[in-house]
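Student: Here is my input; please provide its structure:
(chains A, B and C)
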Amino acid sequence: MLLTRLARVSREVAATSARSRKIALLAELFRDADADDVPIVIPYLAGRLPQGRLGIGWKILSRPVPPASEPSLTVREVDARLTELGAVTGTGSQAERARLMGELMAAATEDEQRFLFGLISGEVRQGALDAVAVEGLAEATGAPGADVRRAVMLAGSLQTVAQALLSHGPEALDGFRLTVGRPVLPMLAHTASSVSEAVEKLGACAVEEKLDGIRVQLHRDGDDVRIYTRTLDDITDRLPELTSMARELAHTRFILDGEVIALDENGRPRSFQETAGRVGSRVDVATAAKTVPVSPVFFDALSVDGQDLLDLPFTERHAELARLVPEPMRVRRTLVDGPADLPAAERFLADTLDRGHEGVVVKALDAPYSAGRRGASWLKVKPVHTLDLVVLAAEWGHGRRTGKLSNLHLGARNPDGSFAMLGKTFKGMTDAMLAWQTERLQELAVEDNGYVVTVRPELVVEIAYDGLQKSTRYPAGVTLRFARVVRYREDKPPAEADTVGTLLAAHPEVAR
DNA sequence: TTCCGACAGTGGGGTCGCAAT
DNA sequence: ATTGCGACCCCACTATCGGAA
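Tutor: A predicted model of the protein is given here:
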């Protein structure tokens, strides 16, 4: 199949907002693909590269290359070239990869170049990624959508399922079962604004500590132990202490879901930056493990002794977990019958925060494990802080925000009346706010370099954020975590905006 | 030879708008 | 009304390459 066909379909998919139409377009293309094209066409149209990392980013991609006049590239040729490119390592590899990329781009038409750019930079912007491709695949093969979705969650990969489905038909889906050693997409949580809201929604529930660490899925089959991240990357080699712990458990075949976190000598959590840095270390794992040991904390069991627990209610899965894993390695929790028990839930949240953790996750006791979904039966609750900050500048948006000032640069007041930038945010604004701030900020503009519009620091905006973290990037040495806009405060002059001093005082553990 | 800046890739994420249910 | 998905981009970290010191 020719790449130009994919480029055209991708453009058509982007042009329609109806999901049903997107699905139909993808299905038509999947039907026409040769068996050998399938493992490439499917991920391409789901906006993903089968190769994963290529070592090619925005920098290299934005070098202009004159396009070919006639389409000639086949998807298989593109895939082969990218595989070759990704395999280049060692001295001079960066330049060699850039050269190969240039060659590929030169063989592509303008349309194809645009498609490749989006694919490799990870910004396809066609309004259809994995989930829509799954529906398209279902439509193309006549298999029920729910069955295909479930198979993808269990296989952890769309390609695998697509190949089986297209070569053997819908019966092939039966082959995708929960298997120890093969990672499953983890269940995710929604956010609730308070414990009472969460408990009212869920009724009988467990309130569990939310730890600010790295999600892990632990598989053990005899002596073989594997550890996967939220995106199913294999990080077994980076967490040797977890492997030995898993081998010491009495049972020999299981899949557990949990979190790893670095704790200090008093058992209090170290900063997320320290945990993430430790888990991200690959080169000298032994030293990293010694200086920043991590502790596992499990909260769910997906499989025990060959039995698939996914469809069991949480209560029963947790009973299995408790049988498997000793108490110190299970997440702290409390059970709540419903809204009448609210005070106990609130108390648990307060205690959790006192112990230095992020918040709680409230989980319905009767819910199954919805692999790969942001299920409504898990609700996280974290305290939210707010600040009144001053807009220092704004960046021009992309995609559906093209032509709008989007990403705000936020500043807190210094004692001398100047402002210290604390970070940026593009979150929390409605289309109406986006339109309004584009106008208003242009009135305040002192400079526009085509990318950033610098403004007079006169507009105050209320910002919500989750916490403070250390920063080497910003002048105050700190930055906001997960900052989002709440509302504009035109009633408030910048001289009354929050100061760096009050911010640091509110987070003594970070300010140190 | 060693150091350091730039880039790529991965971890953590919240909120909005729209289509579909 | 509610749910699911994609889009919008953030910051910190590590690893790697390639040029400067």
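Student: Could you use CA atoms for every contact and neighbour count after this?
Tutor: Will do.
Student: A:Ser17: helix or strand, and which one exactly?
Tutor: Under the criterion DSSP states H and E, no helix or strand holds A:Ser17.
Student: Contact partners for it?
Tutor: A:Gly127 (CA atoms under 8 Å, 6 or more residues apart in numbering).
Student: Going along the chain, name the strands of the stretch 301-450 of chain A.
Tutor: Taking DSSP state E, counting those that start in this stretch as the criterion, the stretch 301-450 of chain A carries its strands at A:307-308, A:333-336, A:359-364, A:374-381, A:385-396, A:405-413, A:419-425, A:445-448.
Student: quick one: which of those strands is nearest A:Lys492?
Tutor: strand A:385-396 (8.8 Å; CA to CA).
Student: Buried residues, the closest one. List them.
Tutor: A:386-396 (16 or more other CA atoms under 10 Å).
Student: now stretch A:48-57
Tutor: A:48-50, A:54-56.
Student: What is the burial count for A:Asp448?
Tutor: Close neighbours of A:Asp448, defined as other CA atoms under 10 Å, add up to 15.
Student: just A:Gly169 next, same as before
Tutor: What A:Gly169 shows, counting by other CA under 10 Å, is a neighbour count of 14.
Student: Dump the strands of the stretch 301-450 of chain A to CSV, plus distance to DNA strand B and mean pLDDT.
Tutor: Below are the strands of the stretch 301-450 of chain A laid out as CSV (distance: least, CA to the nearest atom of the strand, whole Å; pLDDT from 0 to 100):
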stretch, distance to DNA strand B, mean pLDDT
strand A:307-308, 24, 94
strand A:333-336, 18, 94
strand A:359-364, 10, 92
strand A:374-381, 8, 82
strand A:385-396, 10, 93
strand A:405-413, 11, 93
strand A:419-425, 8, 92
strand A:445-448, 21, 92
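Student: From DNA strand C, how far off is A:Leu349?
Tutor: 23 Å (CA to the nearest atom of the strand, to the nearest Å).
Student: what's the answer for A:Glu241, then?
Tutor: 17 Å.
Student: that older thread, so which of the strands of the stretch 301-450 of chain A is nearest DNA strand C?
Tutor: Smallest distance to DNA strand C across the strands of the stretch 301-450 of chain A (CA to the nearest atom of the strand): 4.0 Å, for strand A:419-425.
Student: Look at A:Arg215 and tell me its secondary structure.
Tutor: strand (DSSP: H, G, I helix; E, B strand; the rest coil).
Student: ok, now which ones touch it?
Tutor: Per CA under 8 Å, 6+ apart, neighbours of A:Arg215: A:229-230, A:257-260.
Student: and it, how far is that from A:Leu61?
Tutor: Separation of A:Arg215 from A:Leu61 (CA to CA, to the nearest Å) stands at 32 Å.
Student: Give me the neighbour count for the residue nearest to A:Leu185 when sequence neighbours are not counted.
Tutor: Nearest residue to A:Leu185, sequence neighbours excluded (CA to CA, 6 or more residues apart in numbering): A:Gly372, at 4.5 Å. Residues near A:Gly372, counting by other CA under 10 Å, number 19.
Student: Correct me if wrong: A:Gly372 contacts A:Met153.
Tutor: Yes: counting by CA atoms under 8 Å, A:Gly372 does reach A:Met153; the two are 5.8 Å apart.
Student: Give me the common contacts of these two.
Tutor: A:184-185.
Student: Just to check, A:Asp257 is in contact with A:Pro296?
Tutor: No: counting by CA under 8 Å, A:Asp257 sits too far from A:Pro296 to count as a contact (9.9 Å).
Student: A:Asp300: which of the strands of the stretch 301-450 of chain A is closest?
Tutor: Per CA to CA, nearest to A:Asp300 of the strands of the stretch 301-450 of chain A: strand A:359-364, 11.1 Å.
Student: What is that closest one packed up against?
Tutor: Helices and strands touching strand A:359-364, as assessed by 3 or more CA pairs under 8 Å, 6 or more residues apart in numbering; DSSP states H and E, comprise helix A:195-202, strand A:205-210, helix A:342-354, strand A:374-381.
Student: got the angle for the longest one vs helix A:195-202?
Tutor: Using axes from the mean of the first three to the mean of the last three CA atoms, to 10 degrees, the inter-axis angle of helix A:342-354 relative to helix A:195-202 is 130 degrees.
Student: buried set for helix A:342-354?
Tutor: For helix A:342-354, by 16+ other CA under 10 Å, it's A:342, A:345-346, A:348-349, A:352-353.
Student: Same question for the last one.
Tutor: Applying a neighbour-count criterion of 16+ other CA under 10 Å, one finds A:375-381 buried in strand A:374-381.
Student: A:Glu358: which of those residues is nearest?
Tutor: A:Val381 (8.7 Å).
Student: Let me know the pLDDT of the nearest residue to A:Val325 once chain neighbours are set aside.
Tutor: Leaving aside its chain neighbours, A:Val325 sits nearest to A:Leu249 (7.1 Å; criterion: CA to CA, 6+ apart). Model confidence at A:Leu249, given as pLDDT, is 95.
Student: do the same with A:Tyr369
Tutor: 89.
Student: and the gap between it and A:Ala7?
Tutor: Distance from A:Tyr369 to A:Ala7, by CA to CA: 37 Å.
Student: got it, and A:Val195?
Tutor: Applying CA to CA, the value for A:Val195 to A:Ala7 is 47 Å.
Student: more neighbours, these two?
Tutor: Taking neighbours as other CA under 10 Å, A:Val195 and A:Ala7 compare with A:Val195 leading, 25 against 21.
Student: Spit out the contact partners of that one.
Tutor: A:342, A:345-346, A:362, A:381.
Student: Kindly reformat the residues you listed as CSV containing distance to A:Leu129.
Tutor: Shown next, in CSV, are these (distance: CA to CA, whole Å):
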residue, distance to A:Leu129
A:Leu342, 40
A:Ala345, 38
A:Glu346, 39
A:Val362, 29
A:Val381, 28
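Student: Can you tell me which residues in chain A are near DNA strand B?
Tutor: Residues of chain A found near DNA strand B (CA under 7 Å from any atom of the strand) are A:17-21, A:52-61, A:121, A:191, A:212-215, A:229-233, A:276, A:280, A:426-432, A:464, A:481-482, A:484.
Student: Touching, A:Met429 and A:Val485? I think so.
Tutor: Yes: taking contacts as CA under 8 Å, A:Met429 lies within contact range of A:Val485: 6.2 Å.
Student: The two: which has the busier surroundings?
Tutor: It is A:Val485, of A:Met429 and A:Val485, that has more neighbours when counted by other CA under 10 Å, with 20 against 17.
Student: can I assume the more buried one sits in a strand?
Tutor: Yes: per three-state DSSP, A:Val485 lies within a strand segment.
Student: Show me what from the stretch 251-400 of chain A comes close to DNA strand C.
Tutor: A:273-274, A:276-278, A:280-284, A:373-376, A:396-400.
Student: again, but for the stretch 1-150 of chain A
Tutor: Close to DNA strand C, as judged by CA under 7 Å from any atom of the strand, the stretch 1-150 of chain A has residues A:89-96, A:123-133.
Student: mind redoing it with 6 Å?
Tutor: A:89-95, A:124-132 (CA under 6 Å from any atom of the strand).
Student: can you pull out the strands in the stretch 101-250 of chain A?
Tutor: A:188-191, A:205-210, A:214-221, A:224-228.
Student: now the helices for the stretch 1-150 of chain A?
Tutor: For the stretch 1-150 of chain A, the helices defined by DSSP state H, counting those that start in this stretch occupy A:3-15, A:19-32, A:38-45, A:58-61, A:75-87, A:93-106, A:110-121, A:130-141, A:145-155.
Student: what are the phi and psi angles of the nearest residue to A:Lys492 once chain neighbours are set aside?
Tutor: Nearest non-adjacent residue to A:Lys492, counting by CA to CA, 6+ apart: A:Val460, 6.4 Å away. When read as degrees, to the nearest 10, the backbone of A:Val460 gives phi -100, psi 140.
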